[in-house]
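Participant: build me a model:
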Amino acid sequence: MKRMEEEAKPVEAPKKGRPKKSKDRKRTNGEGSIYQRPDGLWVGQVVIGRSAQTGKLVKKYIYGRDQSDVVAKKNKLLQETRDVIELDADTVTVAEWVDHYLSQYAKNRVRENTYASYRWMLERYIKKYLGSIRLGKLRSIQIQAMVNKILDSGCSARTAEYAFAVLRASIRQALKEEILLRDPTLAVRLPRKKRQEIKPLTEQQWTSLFQAAAAESPQFYMEILVEWATGLRRSELIGLRWSDLDLKVGTLTVNRAVMNGAAGPTMSETKTDASRRTLALPPTVLTALKNHKRQQAAKKLKSEVWRRNDLVFPSSVGTPQEPSVVSRTFAHIATKIGLTGVSFHKLRHDHASRLVMAGIHVKKIQAQLGHSNISVTMDTYSHLAPNARDEISALLEDTLPNQQIITKIHQFPKK
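Facilitator: Residues are numbered from 1 along each chain as shown. Predicted coordinates:
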């Protein structure tokens, strides 16, 4: 019990006085502040940050009976506190704070590829235009200048908005921690985004696309066919497993996605909870999938290096495909058939557009696409609804109160 009480006591700061001389007193490279007290105890000192209240350096002391023990403890402490920065708005720079926000708050909350895109925005734009400014000195006019310079460099409004969003998220965290007392992002005006006109592919274009995909490879033809029938995200399509398909009932369930991480393509959770959904497959597509499964089974028997991941659309050895490979293959065959301005992702928009123009209720389209918010579906596709204005006009005419009276009032006498 006595020993436990001694361990619970706070460690005292090293006693002042001249350290005991020793032949081993000389520090090796990378040790930092390590010395031996007169009583023989070795002491290490590590600066882990700066107090936001007093502005003074925050230090931690490490103790050990021998020098190597202290060096090991010091290195461990430095590893644990390597992301701790000066939490003082007048001393920390914008680059340091955004870096801290990403590593401490965003990293464990978002998917790996999203985190990588946040990092890219920091390195490519935020550091370039605002990085050296002290966080407490950051003003809206400087943020506005960053947004304008990104646009002037030829980047899209979406890129400027994305860089601003990463910066704004980090600043809001600083406000929560009371490192900042005001929000410099409130007065910033973002560029007006132009709504891109979504034009579905014609029947002839789809026919050409199917023929070119079949000539490329049987599997890529199936990927295009399933995309036409479901409107899946690219990552969801190549993340499908055979266990996700009910070939008897004719349904497909989205349970995961393939992300391109630092170590290559990996299986991940879906983008949102709404992304986990079950879709019906047209009979023709279902028959084609059954045939694709038989062909894949024959291919597995011949291969000596096949990885059994149960994937519907794997790589040539059964592993998850690189998402970019799908996009590059599509771009290649689109060029061959003269299909310009259409990416693989736009096939998802094409699917949604066809549903809207067929009069399918927007709520059902939201579920089909896996949108977490119906406003996304409405904002993107509602303008494609057929004869919407005529339907509204007819409804108002049919529900007009006292229609006979109003008609009679407007029958003015002839002069």
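
Participant: centroid residue for the protein?
Facilitator: Thr114 (2.8 Å; Cα atoms, centre = their mean).

Participant: ramachandran angles for that one?
Facilitator: Here is the backbone geometry of Thr114 (degrees, to the nearest 10): phi -70, psi -40.

Participant: and Leu181, by the same measure?
Facilitator: Dihedral angles (degrees, to the nearest 10) for Leu181: phi -110, psi -10.

Participant: ok, Val285 to Leu225 distance?
Facilitator: 6 Å (Cβ to Cβ, to the nearest Å). (Glycine included, C-beta is placed from N, CA and C.)

Participant: actually, Arg234.
Facilitator: In terms of Cβ to Cβ, Arg234 sits 15 Å off from Leu225.

Participant: higher neighbour count, the two?
Facilitator: Comparing Arg234 with Leu225 by neighbour count (other Cβ atoms under 10 Å), the higher total belongs to Arg234, at 22 against 19.

Participant: model confidence for that one, exactly?
Facilitator: pLDDT, Arg234: 93.

Participant: in contact with it, which residues?
Facilitator: By Cβ atoms under 8 Å, 6 or more residues apart in numbering, Arg234 lies in contact with Pro323, Val326, Ser327, Phe344, His345.

Participant: what's around the residue nearest to Ser140 when sequence neighbours are not counted, how many residues?
Facilitator: Distance criterion Cβ to Cβ, 6 or more residues apart in numbering; nearest residue to Ser140, sequence neighbours excluded, is Ala187 at 3.9 Å. Neighbour count of Ala187, defined by other Cβ under 10 Å: 11.

Participant: again, but for His345
Facilitator: Counted with other Cβ under 10 Å, the neighbours of His345 add up to 13.

Participant: name whatever forms a beta bridge with Gly261.
Facilitator: Beta-bridge partners for Gly261, by DSSP bridges, are Gly264.

Participant: is it true that it touches Thr114?
Facilitator: No: under the criterion of Cβ atoms under 8 Å, Gly261 is not in contact with Thr114, lying 11.1 Å apart.

Participant: what are the buried residues along stretch 97-114?
Facilitator: Across stretch 97-114, burial judged by 16 or more other Cβ atoms under 10 Å covers Trp97, Val98, Asp99, His100, Tyr101, Leu102, Ala106, Arg111, Asn113.

Participant: repeat for stretch 282-297
Facilitator: Using 16+ other Cβ under 10 Å as the test for burial, stretch 282-297 gives Val285, Leu286, Ala288, Leu289, His292, Gln296.

Participant: and of those residues, the nearest to Gly359?
Facilitator: Val285 (21.6 Å; Cβ to Cβ).

Participant: does that closest one touch Glu223 like I think?
Facilitator: No: using Cβ under 8 Å, Val285 is not in contact with Glu223, being 11.7 Å away.

Participant: residues contacting Pro320?
Facilitator: Counted by Cβ under 8 Å, 6+ apart, Pro320 has contacts Ile238, Gly239, Val258, Pro265, Thr266, Met267, Asn309, Leu311, Pro314.
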